[in-house]
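# Fold the following for me, if possible:
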Amino acid sequence: MAGTTLYLTDLDAGMALTSDEFASADYKAPFVYERVKGRLVVMSPAGAEHRAVSRPFRKALGLYWGQHDDVIDEVDIEGWVATSEDEDRIPDICVYLNGEQSGGTVPRRVPELIFEFVSRDRADQECDYIAKRAEYHAIGVREYVIVDRFKRAALVLTHTGSGDFAERSLAETEVYTTPLLPGLEVKLAAAFGESKPS
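This next block holds a predicted model:
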């Protein structure tokens with residue numbers, strides 16, 4: 001039927017979708033939806049542990065944006081990035097910097113920084129460390145940060161223009177900084193807290 005909006009739910013996982021169908025559909029809350037290899041992937045919403053780990057980053061990035069709107073165009077929680085004609089990703093945090101891409105529109109605009117916070121599910125972990133790493137590198141993300149509460153560490157991946165990212169590992173006692181956001185500091189201890197993940 002012409003004019004009918006596609007309504008997708010968690011029961012539609014695996015459905016084949018074009019990029020236009022994915023972009024124009026309505027989605028059942030509270031699930032998060034991505035498109036991988038042209039098929040719908042349904043993920044659970046971020047739980048309390050996931051949100052607790054991301055909170056210091058969300059807070060620091062929001063504050064930095066408020067104080068440096070000449071540096072940052074946008075900080076987008078659960079942003080939307082088309083990494084290819086067959087993939088639409090919803091990173092935990094996207095940071096868009098002022099510059100050549102200013103005025104570009106999502107999902108084609110590439111964030112300069114992407115943050116992913118590792119979930120419990122092994123398939124999700126492999127996706128963050130392997131699939132998304134390759135996709136984000138291919139589209140030119142300048143820095144990809146994987147924050148892993150299970151390892152109590154972060155992996156900072158910096159685009160070098162070569163075939164892969166340069167890696168920098170941070171232990172839970174260290175502080176995340178980036179030359180892309182001078183002066184920003186996030187203590188990993190604040191993200192991981194005192195308790196071990198259950």
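# Please make it C-alpha for all contacts and neighbour counts, starting now.
Will do.
# Any regions of the chain where pLDDT drops low?
For the chain, the stretches with pLDDT under 70 are 1-3, 194-198.
# got the domain boundaries for it?
Domain assignment for the chain by automatic domain parsing gives 7-43, 48-192.
# Using CSV, lay out those domains together with mean neighbour count.
Listed next are the domains of the chain as CSV, based on neighbours: other C-alpha atoms under 10 Å:
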stretch, mean neighbour count
domain 7-43, 16
domain 48-192, 17
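# Look up the residues forming beta bridges with residue 94.
Judged by DSSP bridges, the bridge partners of residue 94 are residue 76, residue 114.
# give the contact list for it.
Residue 94 makes contact with 75-79, 111-115 under the criterion C-alpha atoms under 8 Å, 6 or more residues apart in numbering.
# Please repeat the previous calculation with a cut-off of 10 Å.
Residues counted as contacts of residue 94 (C-alpha atoms under 10 Å, 6 or more residues apart in numbering) are 74-81, 110-116, 141, 144.
# Tell me if I'm right that residue 126 and residue 134 touch.
No. Residue 126 lies out of contact with residue 134 (C-alpha atoms under 10 Å); the separation is 11.6 Å.
# Look up phi and psi at residue 173.
Note on residue 173: its backbone torsions stand at phi -90, psi 0 [degrees, to the nearest 10].
# Show me whatever sits in contact with both of residue 126 and residue 134.
By C-alpha under 10 Å, 6+ apart, residue 126 and residue 134 have no common neighbours.
# Tell me how far the helix ranked longest in the chain lies from the chain's centre.
Assignment by DSSP state H gives helix 48-67 as the longest helix of the chain. Centroid separation for helix 48-67 versus its chain: 13 Å, with C-alpha atoms, centre = their mean, to the nearest Å.
# which residues sit against that helix?
Contacts with helix 48-67, where a contact means C-alpha under 10 Å, 6+ apart, come from 45-46, 68, 71-77, 92-93, 95, 97, 115-120, 147-149, 176, 181-193, 197-198.
# Out of those, name the ones that lie in strands.
72-77, 93, 95, 97, 115-117, 147-148, 176, 186-187 (DSSP state E).
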